[in-house]
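1. With the sequence up front, the predicted model follows.
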Amino acid sequence: MTAALRLIRRRLATSIPVLLIVIVLTFVLLEFSSGDAVDAYLVSIGGGDPAVAANLRHAYGLDQSHLARLWLYLSSLARLDLGWSVAFERPVADLIVERLPNTLLLMGSATALAFGLGTSFGIVAGARPESATDRVISTVSLILYAIPGFWLGLVLNIVFAVKLRWLPSAGLETIASGRTGWARMLDIAMHLALPVGTLAAIYMALFMRVMRASMAEVWRLDFVTFARAKGLSHRRIVLRHVARNALLPLVTMLGLQSAAMLGGSVVIESIFAIPGFGRLAQEAVTQRDTPLLLGIILTSAVLVIVVNLLLDLVYALLDPRLQPSDRSA
Amino acid sequence: MRLVRLIFGTTEGAVGAVLLSLLVFIALFAPVLSPGDPLDIAGPPLLHPFSMARLPLGTDSLGRDVLAGIIHGTRTSLTVGLAAAFAAIAVGVCVGLAAGFSGGLVDEALMRVVDAFQILPGFLLALALVSVAGASLPVVVLAIALGAWAAPARLMRAQVLSIRERDYVAAARVTGMHPLEIAVKEILPNALPPVLTLAAVIVAAAILTESALSFLGLGDPNIVTWGTMIAEGRNVLRSAPFLSVLPGLALVVTVITVYLVGEGVTQALAEGKAGQVDRQGPTA
């Protein structure tokens, strides 16, 4: 247990400078964007004279030097104040807190499905490398890997929502249906089936390929030869010895993938009109709401750090050989 | 030459190389294959495929030739994909070389920056940069490269660290070679091949990212891209699904091609190495 605590402390210590770099980066992007919050405000109230603008800039500290403003930005972040969304006329933090659960639900289900199916197919393919089954699975995974997520979403939408009418085509739940309890959960599940299916299909390909490749590595190791010499059945060798050891790289990859998944949610949420984090990012872009967009980027960086920390703990549990102190960044 | 022969020796490499030559041919000769501006109106709107010989793949809701769009879109996809991957690998190699070769505080600082870029979702970063700097082809290339350079940098650093302690580097040091010369002449060429095998994955990802950006309306508005075509087809999805399906298929074929070529190169490199070991006899 103390090992786990030490691991958390170590991770946090390296995460702080990384987070600072991310903050400075977003600050630079914010500075480079043309027009500031005062311009946006004046446009929204229908214009104003330069004296008003200058007063407002002074009041918000926008007339100070870059360094002073970076300090201001940092100190407001320390108070968990992510700024003011001009487009929604609400604090950025509130918007994010409101939208994040929907995305977490979407990403969580998609990741679980992709990980489960991907590793299973990977094990089937990797059990007998170069067999006919392996070739079919590898070809399908290559095609899935090459399909752009937004396009797969559109095609599945045409087939299942427009032509067959099996599933709803957009939204997170039926609006104003008054459903509660199980009925509401079922409604949400029906709405999420297509977006989750799309995301899972795309990410499944990656897990499948990595699992297969990882199993190919393990097959060559001595202990597998030994297990065979002991006369163990093929099935037992595959599941107990090869697949089990091949699973570790997938946990590492899950962490690296979490950032890409958050990025991928943007297009999928905008296609299926799911009011989540990714769609918020797209709305921020179309309405030129830079503070909102940067708040989203910062939050996702924190999210990825947390996911990686949790996975590190899982990894330490799975592989007792690995002492936390051995894992330098 | 030997490497090219080895690449054609693998199934993946041969299929990929043939498809890639075809795509490069289409991209290079797009103005000859389909003269004129692909954004011009060419016929009646929403013409379905195979209904008019002059416009074999039909027209979109504004009457623009779909085949012309797909031909010129090949050019955009390949250019952006290759340019972004080249930029990402160039930056990654420089940063990785600098970090691995200097070590100490420089290494620590550079790797924290690499960490930061690996933690940030690349697509969100690209969205932010394009929305701040405006949608134009160079900005899109830069935005995609910004989210892709961290992985090659990390791999390059690991390579440099393992090569730095080899005997021939020590020998170069003893002969009084300038450290910069050692880095560029001795370490760089030996550390590069594994990093280059990442190229195919980076190009494929860059092509997909470009299409997603233009699908969201963040591509250069004056250039035809497959992502824009898919997005425009979305408005008439019920009556004319081919407008979104065809450019999507073009994307899938292109990404598979890039991936197959990469697989061929990786296998050829592995075989080339195995061949060398065989000639030298067992090393272990």
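-> Ah, there it is.
2. Could you find the closest non-adjacent residue to residue 168?
-> Going with chain A. Excluding the flanking residues, the one nearest residue A:168 by C-beta to C-beta, 6 or more residues apart in numbering or on different chains is residue A:191, at 5.2 Å. Bear in mind the C-beta positions are built from the backbone N, C-alpha and C, glycine included.
3. wrong one, I was asking about chain B
-> Residue B:168 sits nearest to residue B:186 (C-beta to C-beta, 6+ apart), 6.6 Å away.
4. residue in the stretch 1-150 of chain B nearest to chain A?
-> As assessed by C-beta to the nearest C-beta, chain A sits closest to residue B:123 within the stretch 1-150 of chain B, at 2.9 Å.
5. Counting neighbours, what do you get for the residue nearest to residue B:168?
-> A count of nearby residues for residue B:186, using other C-beta atoms under 10 Å in any protein chain shown, gives 19.
6. again, but for residue A:118
-> When neighbours are counted by other C-beta under 10 Å, residue A:118 registers 26.
7. thought it was touching residue A:203?
-> Yes. Here residue A:118 reaches residue A:203: they are 7.2 Å apart, a contact under C-beta atoms under 8 Å.
8. what's next to the helix or strand hosting residue B:159, contact-wise?
-> Using DSSP states H and E, residue B:159 sits within helix B:150-164. By C-beta atoms under 8 Å, 6 or more residues apart in numbering or on different chains, the residues outside helix B:150-164 that reach it are B:88-89, B:91-93, B:95-97, B:99-101, B:107, B:110-111, B:114, B:117-118, B:169, B:187, B:190-192, B:194-195, B:198, B:202.
9. how about a cut-off of 6 Å?
-> Residues from elsewhere that reach helix B:150-164, judged by C-beta atoms under 6 Å, 6 or more residues apart in numbering or on different chains: B:89, B:92-93, B:95-97, B:99-101, B:114, B:117-118, B:187, B:190-191, B:195, B:198.
10. filter these to the buried ones?
-> For those, a burial check counting by 16 or more other C-beta atoms under 10 Å in any protein chain shown picks out B:89, B:92-93, B:95-97, B:99-101, B:114, B:117-118, B:187, B:191, B:195, B:198.
11. In helices, which of these fall?
-> Members of these lying in helices (criterion: DSSP state H): B:89, B:92-93, B:95-97, B:99-101, B:114, B:117-118, B:191, B:195.
12. Now distance to chain A and pLDDT too, for the residues you listed, in a markdown table please.
-> A markdown table is the format used below for those (distance: C-beta to the nearest C-beta, whole Å; pLDDT from 0 to 100):
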| residue | distance to chain A | pLDDT |
| --- | --- | --- |
| B:89 | 18 | 95 |
| B:92 | 15 | 95 |
| B:93 | 20 | 94 |
| B:95 | 13 | 95 |
| B:96 | 15 | 93 |
| B:97 | 19 | 91 |
| B:99 | 12 | 93 |
| B:100 | 14 | 90 |
| B:101 | 18 | 86 |
| B:114 | 9 | 94 |
| B:117 | 8 | 92 |
| B:118 | 7 | 89 |
| B:191 | 20 | 85 |
| B:195 | 17 | 86 |
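13. still on that earlier bit, what's the closest of the buried ones among the contacts of helix B:150-164 to residue A:31?
-> residue B:117 (18.9 Å; C-beta to C-beta).
14. about what we covered before: now the residue nearest to residue B:168: how far from residue B:180?
-> Per C-beta to C-beta, to the nearest Å, residue B:186 is found 11 Å from residue B:180.
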